[in-house]
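Peer 1: Provided below for reference: sequence and predicted model.
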Amino acid sequence: MRKGFEKQLEELNVNLIRMGAMCERHITETTDALFKGDQSYVSRSHELEESIDKCEREIENICMGIFLKQQPVASDLRLVSAALRMISDMERIGDQCADISDMIRYTAEYNMTDYTTLKLMSVYAKEMVTDAVESYVRKDLQLAHKVLNQDDEVDKLFVEIKNKLIGYISDTPSQGEFWIDVIMIAKYFERIADHATNIAEWVEYSIVGERVK
């Protein structure tokens with residue numbers, strides 16, 4: 001019975017890594033399209049979002065199979081329960097990427113290359129997602145804590161962008177709508193980082209038995 005559980009757990013890990021990779025690709029492609037002003041990417045973004053949703057359903061089925069056939073206890077139960085929570089956050093990451101891609105229709109006519117802080121937020125967000133999923137597979141509490149600490153850096157970058165753009169809106173109200181769009185995009189990247197943080201918190205729960213914010 002233990003061998004059967006370990007096989008299903010391996011299948012779970014493989015699918016979690018696959019879903020995490022989809023989220024990473026979605027973040028990267030969305031950021032590239034945003035800075036290139038590529039409006040044609042919007043449909044591709046929603047296709048990726050649907051693929052992430054499908055992967056979420058497949059992982060849910062694996063977890064339900066483990067619950068029904070293996071009846072896991074203690075640490076095993078925490079692992080599977082944490083995975084169910086994690087995929088919900090990963091699904092939301094796909095949604096946030098799709099939200100950003102939808103904004104390209106309004107930002108495409110502007111030069112986005114100067115918004116390096118925004119790009120840095122996307123890099124941090126992607127790295128956090130990668131590390132959060134990896135920390136679950138490796139049962140690496142230290143890596144999960146790295147993700148939790150990095151969330152503070154993303155929050156600081158968001159505040160920096162927000163304060164700067166509020167100043168721009170005040171000084172040049174004629175472009176106020178564009179700068180509000182950029183603030184919204186920054187907020188979406190911050191939310192992606194928040195979801196990665198949630199994943200890391202569930203990793204912590206799966207390892208130590210409690211979720212500490």
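Peer 2: That came through, no problem. Residues are numbered from 1 along each chain as shown.

Peer 1: tell me the first helix or strand C-terminal of whichever strand or helix holds residue 63.
Peer 2: Element membership of residue 63 [criterion: DSSP states H and E] is helix 41-70. Downstream of helix 41-70, the first helix or strand assigned by DSSP H and E is helix 74-107.

Peer 1: please identify the buried residues of that next one?
Peer 2: Going by neighbour count (16 or more other C-beta atoms under 10 Å), the buried part of helix 74-107 is 76, 78-87, 89-101, 103-104, 106-107. For the C-beta atoms, the positions are set from N, CA and C on the backbone; glycine is no exception.

Peer 1: over to stretch 44-63?
Peer 2: Buried, per 16+ other C-beta under 10 Å, within stretch 44-63: 45, 48, 49, 51, 52, 55, 56, 59, 62, 63.

Peer 1: likewise for stretch 123-142?
Peer 2: In stretch 123-142, the ones that count as buried by 16+ other C-beta under 10 Å are 124-137.

Peer 1: check the residues you listed and tell me the two furthest apart.
Peer 2: The most widely separated members of the buried residues of stretch 123-142, counting by C-beta to C-beta, are 124 and 137 (20.7 Å).

Peer 1: tell me which of the buried residues of stretch 44-63 is nearest to residue 35?
Peer 2: residue 45 (14.3 Å).

Peer 1: please name the nearest non-neighbouring residue to that closest one.
Peer 2: residue 101 (3.6 Å; C-beta to C-beta, 6 or more residues apart in numbering).

Peer 1: hang on, the earlier thing: could you dump the buried residues of stretch 44-63 to a markdown table with distance to residue 28?
Peer 2: Below are the buried residues of stretch 44-63 laid out as a markdown table (distance: C-beta to C-beta, whole Å):
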| residue | distance to residue 28 |
| --- | --- |
| 45 | 12 |
| 48 | 11 |
| 49 | 14 |
| 51 | 15 |
| 52 | 14 |
| 55 | 17 |
| 56 | 20 |
| 59 | 22 |
| 62 | 26 |
| 63 | 28 |
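
Peer 1: ok, the residues you listed vs residue 36, which is closest?
Peer 2: Nearest to residue 36 among the buried residues of stretch 44-63, with distances taken as C-beta to C-beta, is residue 45, at 13.2 Å.
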